[in-house]
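Asker: I'd like to go over a predicted model; first the sequence, then the structure.
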Amino acid sequence: MLDHRDFDAEARSILRRNDRGGYTVPTAGLYPHQWNWDSAFAALGFSLFDLNRAWTELETLFSGQWQNGMVPHILFHQQDDGYFPGPDVWGCNGAVPSSGVSQPPVAATIVRRIWDNDRRIGEERIRELYPKLVAWHRWFMTWRLDRDAVCVTHPWEAGRDNAPDWDDTLSGIDATGVGEYLRRDIMAVDPDMRPQKHDYDRYIWLINLGRDSGWDEARLLERNPFRVADPAMTFILLRANSDLAAIGRELGKDVVELDEWTDQLTVGAKSLWNPEIESYDSRDAHSGKWSGCVSNASFLCWYGGLRNNNMLQHFNRIMQAVPYWIPSHDPDSDRFDRLRYWRGPVWPVMNTLIGIGMEEAGLDDEAQTLRESTAELVRTGGFSEYFDPCDGSSAGGKDFTWTAAVWLAWVSGKNGKGGWARYS
Ligand code: DGY
């Protein structure tokens, strides 16, 4: 078995190999463009051995920012017929061809962390990025709130594509008009590990709706049946926003507006507590109906800055249910599917955010357990996209950028608690 040092070298080499010059693809083949939150994690990984490259990654991401502040979830810097749906399907006219939805805004938190590595080198670059980050957060606050929790308007905006959280809302969409299309993802990865056709039809249907609405948020607010308040989005924006306010204060900016958003999002985050299942849960913004899902997103409460341990009972239960943690969906639920993407598998990137939050909340033993479980998965199965929580086998794409990045930043233990705890 390789030792830590070799894994560090392998992780760095994956980041280099997935570098396409200014941006990093999540993995070759399956995801051949720049994805928003993958890219922020790539920057985090690069920051541990090439600070300049880390800043460039974020700058390239923000080169695709729309005039309304939105930062798209995919930037198509180059033509690549190996990915569907490409820019022609999305029909967006931003500075860079892109998708029309966003993704979880981890960037401000990562920017803060990277800046802290070297304040002098980062000063000019963070001053450029700061107003762009504020504009992006303002876009979320303007267009995505439901009772002050953050909504997603497409499962891909959540990044948790086929999570059972969206099942009920998606099943209300009649996607018959969507027609034929060629899925590229199931040519690259075992179809049993990917979303099913029922879901995929609705992903495309929602893109068609957005494109036909000119990606006009006001129109979509009226027309889009898919609007779900999401714990991951809410906790991540809440966290990012307080990190952005901390950056702003240090840069001598007026952060009153940001502080107000943090207060608002804290209220929103608490509104996602579903007393029926005693967990943070997703909520359909149109019907007010809960999804009834304990997911890995529910455990981001500590990362979001909430300081109660309500989720520990589920954590302890799930530790007994499966040998590898934390599965993306509750293993005691009948919707759990151990290999199918966000319906069961363990995601090292989510474990990292959960673990950082736990450490900040003083849950050191739980965080350490999670780190060891994640490290074992990577040591055995490599830098895969996700893992089977029942037997630990690797799944999804291989040589994954964000798995390599979080290995360097948290999983290996070398940049763990000491590096993050002071950000809480
Ligand atoms: C895909 O194409 O599967 C992606 O997850 C979209 O973001």
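Answerer: That came in fine, so what should we check first? Residues are numbered from 1 along each chain as shown.
Asker: phi, psi of Asp146?
Answerer: In terms of degrees, to the nearest 10, the main-chain angles of Asp146 are phi -140, psi 110.
Asker: do the same with Tyr324
Answerer: phi -130, psi 140.
Asker: What of Pro275?
Answerer: The phi/psi pair for Pro275 (degrees, to the nearest 10) reads phi -70, psi -20.
Asker: Same question for Arg113.
Answerer: Main-chain dihedrals, Arg113, degrees, to the nearest 10: phi -70, psi -40.
Asker: mind listing the helices in the stretch 51-200 of the chain by residue range?
Answerer: For the stretch 51-200 of the chain, the helices defined by DSSP state H, counting those that start in this stretch occupy 51-62, 87-90, 107-117, 119-143, 155-158, 167-171, 185-188, 197-212.
Asker: the inter-axis angle of the longest one versus helix 107-117?
Answerer: Helix 119-143 runs at 170 degrees relative to helix 107-117, counting by axes from the mean of the first three to the mean of the last three C-alpha atoms, to 10 degrees.
Asker: Pull out the buried positions in helix 119-143.
Answerer: Within helix 119-143, the residues scored as buried using 16 or more other C-beta atoms under 10 Å are 122, 125-126, 129-130, 132-137, 139-141, 143. Where you see a C-beta, it was placed from the backbone N, CA and C, and this is true even at glycine.
Asker: Stretch 146-160 too?
Answerer: 146, 148-160.
Asker: Tell me which of the helices of the stretch 51-200 of the chain lies nearest to Tyr303.
Answerer: helix 107-117 (8.7 Å; C-beta to C-beta).
Asker: Which residues does the closest one contact?
Answerer: 36-37, 40-41, 43-44, 47, 51, 54-55, 58, 61, 71, 122, 126, 129, 133, 136-137, 236, 239-241, 243-244, 246-247, 419-420, 423 (C-beta atoms under 8 Å, 6 or more residues apart in numbering).
Asker: now with 7 Å?
Answerer: Applying C-beta atoms under 7 Å, 6 or more residues apart in numbering, the contact partners of helix 107-117 are 40, 43-44, 47, 51, 54, 58, 122, 126, 129, 133, 239-240, 243-244, 246-247, 423.
Asker: which among those are in contact with the ligand?
Answerer: Applying C-beta under 6 Å from any ligand atom to these, one finds that nothing falls near the ligand.
Asker: Now a PyMOL select for only the buried ones of those.
Answerer: The buried residues among the contacts of helix 107-117 can be selected in PyMOL (16+ other C-beta under 10 Å) with this line:
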select buried, resi 40+43+44+47+51+54+58+122+126+129+133+239+240+243+244+246+247
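Asker: residue contacts, the residue of the stretch 51-200 of the chain found nearest the ligand?
Answerer: The minimum distance from the stretch 51-200 of the chain to the ligand, using C-beta to the nearest ligand atom, falls at Trp156 (4.1 Å). Residues in contact with Trp156 (C-beta under 7 Å, 6+ apart) are His73, Val101, Tyr203.
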